[in-house]
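A.B. asks: make a model of this:
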Amino acid sequence: MKARAVEGLDPSEALRPAAARIVTVRLAELHGFADAALRPDASRAQHDMRIAAKRLRYLLEIFEPCLGEEARAARDAARRLQGVLGDLHDCDLMLPKLAAIESAEVLLRGRRERLFSEFAELWRAEAAKGTWSALGIALRS
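C.D. replies: Below is the predicted model of the structure:
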């Protein structure tokens, strides 16, 4: 998945406004995958969302000192999303290889279902807590 371009960056611009512009684009990128990724069979969208979470997380790790407490909460949420979506992707990669071993395939499908539920619950919980919207507000201030 190719990252969305960040328009209008100027190397002479102050750090906080530039960081806010970059993080805003990455946050929108993450949200752009949510509807599709919340379908249990949407492995491609889930993988793309993992990549988007990773990009957002790494930026927040760098820019957290100038973006504040909301950036820390969003960074932690992005880290958890990246982890569970990575585990989900691992299941997707292994399932075709285990198709001939029914007992292993059944176990792995069960694990994938549990991981998907964990992902969906995590996404909804962070949205309900206002993690993403608080970050968006902080970026605009």
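
A.B. asks: which residue is nearest the centroid of this structure?
C.D. replies: With the centre of the chain defined as its mean C-alpha position, the nearest residue by C-alpha atoms, centre = their mean is residue 53, 2.5 Å away.

A.B. asks: so which strand or helix has that one?
C.D. replies: Assigned by DSSP states H and E, residue 53 falls within helix 43-67.

A.B. asks: show residues contacting that helix.
C.D. replies: 1, 3, 15-16, 19-20, 22-23, 26-27, 29-30, 32-34, 36-37, 39, 71-72, 74-75, 78-79, 81-82, 85-86, 88-89, 92, 116, 119, 135, 138-139 (C-beta atoms under 8 Å, 6 or more residues apart in numbering). For every residue, glycine as well, the C-beta is placed using N, CA and C.

A.B. asks: ChimeraX command to pick out the buried ones of these?
C.D. replies: Buried residues within the contacts of helix 43-67, by 16 or more other C-beta atoms under 10 Å, are selected in ChimeraX with:
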select :19,20,22,23,26,27,29,30,33,37,71,74,75,78,79,81,82,85,86,88,89,116,119,135,138,139
